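**Q** got a predicted structure here, sequence first:
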Amino acid sequence: MFRAMWRFLRRAAILFWRAVRLRCPNCGGGPIFDGWLRMRTHCPRCGLALERGEQGYQVGSYMFAIIAAELIFGAIFLSILLLTWPDPPWDLLLYGGMLLMVVVPFVFFPFSKTLFLAFDLVFRPARAEELGGRRAQAVS
Ligand SMILES: [Zn+2]
């Protein structure tokens, strides 16, 4: 039980660490982006279809980007509010918050794609047919 749980958590940590570095979560290979906003269709090393051949797959990564933007905004907003209380800079919070809501999703965009792919791979490991005939490089 603990051994299986440990293996699952170790595998998840490896997949997310690769994703944070904008590498293929499945094998750690790359580059998997052509520029900041354009992800390749397949990993150049393991051949994994990076959108896993499903329609609407991007909705999950958009969800990750929105959650990240909200969490970052909330953390910065609360920090400034608490550090400057009882006289918070409301104009900075208003306009800075608006700026953050535009900038953070753009900056976080490629990470949202790789992190969602890692999240998906944790629960649905790549099957051999997804790797374009190449051997699966599973994390054990
Ligand atoms: Zn790969």
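**A** Perfect, I can see it now.
**Q** poorly predicted segments of this protein, please.
**A** Scanning the chain for pLDDT under 70 picks out the ranges 132-140.
**Q** who touches the residue nearest in space to the middle of it in this structure?
**A** Nearest to the geometric centre of the chain sits Leu115, at 2.2 Å (CA atoms, centre = their mean). Leu115 is in contact with Phe16, Ala19, Val20, Ser61, Phe64, counting by CB atoms under 8 Å, 6 or more residues apart in numbering. C-betas here are computed from N, CA, C, even on glycine.
**Q** so which of those residues are in helices?
**A** Phe16, Ala19, Val20, Ser61, Phe64 (DSSP state H).
**Q** filter those residues to the buried ones?
**A** Among these, those classed as buried by 16 or more other CB atoms under 10 Å are Phe16, Ala19, Ser61, Phe64.
**Q** would you confirm that the third one contacts Ser112?
**A** Yes - under the criterion of CB atoms under 8 Å, Ser61 lies in contact with Ser112, with a separation of 4.5 Å.
**Q** for stretch 110-127, buried residues please.
**A** 110-122, 126.
**Q** Thr84: which of the residues you listed is nearest?
**A** Phe111 (29.6 Å; CB to CB).
**Q** quick check: longest helix of the protein.
**A** helix 90-123.
**Q** understood, closing this out.
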